[in-house]
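Q: One predicted model, sequence on top.
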Amino acid sequence: MIARLAGYAVGSLLQFRHVVIVHGAVRGWARIARRAPGAHLVLGNRVRLHRGVTVYLRAPGAIVRVGERTALGRRTEIHADTEVRIGSRCAVSWDVQFVDSDQHNLHGAAAGGVPIRVGDHVWIGQRSLILKGVRIGDGAVVAAGSVVTHDVPARALVAGSPARVIRMGVDWS
Ligand SMILES: CC(C)(COP(=O)(O)OP(=O)(O)OC[C@H]1O[C@@H](n2cnc3c(N)ncnc32)[C@H](O)[C@@H]1OP(=O)(O)O)[C@@H](O)C(=O)NCCC(=O)NCCS
């Protein structure tokens, strides 16, 4: 089942099937490629969804939240078994992937999803991959092509696979 949130939606609390728009307007549309029972996508005011953004609400009760004025770039994908929360005023570039579970079981490893939390005013470069359980602090920058497997401190610049801190105290616009 594929559902689309079309065009330019406006509402103070608009519920469009499983998509909830909180207090305002959303630009663009997201493809909901899977939708488990009770799962939701919650979009804040002035979220910008570029072409090809796809959200997988994979497990019952899964939730994806995108904060106000955050932009999700072309073909970015969010795969949620539990919760993926992206803060306000973030710039998520194109072809970024958020995946909050391994989706298969590696024997001997912990099974199941772990929520991903991205703070406010975070910039995530193109083709980065954000894996389960990662928390990214406010104001952080993730360089292009990074594979983020561990938490990122606030205002850190991380790069590489696995992503490592290469600078602290960064600012961006
Ligand atoms: C994050 C970014 C802006 C940082 O740029 P910068 O401050 O000029 O960084 P530098 O080029 O000085 O690199 C600093 C170090 O990090 C390394 N580095 C930079 N980007 C890297 C990356 N994507 N992956 C791995 N290492 C990287 C550099 O090789 C350098 O290492 P060194 O000191 O050992 O030589 C830039 O790396 C980047 O990712 N740009 C693309 C952002 C993007 O995707 N934009 C699309 C529109 S949203």
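A: It's in. Everything quoted here is computed from the prediction, not taken from an experiment.
Q: My understanding was that residue 135 contacts residue 153; is that so?
A: No. Applying CB atoms under 8 Å as the test, residue 135 and residue 153 come out as separate, 9.4 Å apart. The C-beta positions use only the backbone N, C-alpha and C, and glycine is treated the same way.
Q: hmm, stretch 49-65 touching the ligand?
A: No. Against the ligand, stretch 49-65 shows no contacts by CB under 6 Å from any ligand atom, the least distance being 10.6 Å.
Q: Could I have the CA atoms of that stretch written out in PDB?
A: Output in PDB follows, covering the C-alpha atoms of stretch 49-65 (Å, rounded to 0.1, in the frame of the first residue of the first chain):
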ATOM      1  CA  LEU A  49      10.000  17.400   1.800                       C
ATOM      2  CA  HIS A  50      12.000  17.200  -1.400                       C
ATOM      3  CA  ARG A  51      11.200  14.800  -4.200                       C
ATOM      4  CA  GLY A  52      11.300  11.100  -3.400                       C
ATOM      5  CA  VAL A  53      11.400  11.200   0.400                       C
ATOM      6  CA  THR A  54      10.200   7.800   1.600                       C
ATOM      7  CA  VAL A  55       9.100   6.800   5.100                       C
ATOM      8  CA  TYR A  56       8.800   3.100   6.100                       C
ATOM      9  CA  LEU A  57       6.600   2.700   9.200                       C
ATOM     10  CA  ARG A  58       7.600  -0.900   9.700                       C
ATOM     11  CA  ALA A  59       6.300  -2.000  13.000                       C
ATOM     12  CA  PRO A  60       3.100  -1.400  15.000                       C
ATOM     13  CA  GLY A  61       3.200   1.900  16.800                       C
ATOM     14  CA  ALA A  62       6.400   3.100  15.000                       C
ATOM     15  CA  ILE A  63       6.600   6.900  14.900                       C
ATOM     16  CA  VAL A  64       8.600   9.300  12.800                       C
ATOM     17  CA  ARG A  65       8.700  13.000  13.900                       C
END
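Q: Mean confidence (pLDDT) on that stretch, please.
A: In this model, stretch 49-65 has a mean pLDDT of 95.
Q: Please spell out which residues along it are buried.
A: Neighbour-count burial for stretch 49-65, counted by 16 or more other CB atoms under 10 Å, picks out 49-50, 52-59, 62-65.
Q: Generate a markdown table for those, with distance to residue 76 as supplementary columns.
A: Shown next, in a markdown table, are these (distance: CB to CB, whole Å):
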| residue | distance to residue 76 |
| --- | --- |
| 49 | 9 |
| 50 | 8 |
| 52 | 8 |
| 53 | 5 |
| 54 | 8 |
| 55 | 9 |
| 56 | 12 |
| 57 | 15 |
| 58 | 16 |
| 59 | 20 |
| 62 | 17 |
| 63 | 17 |
| 64 | 12 |
| 65 | 15 |
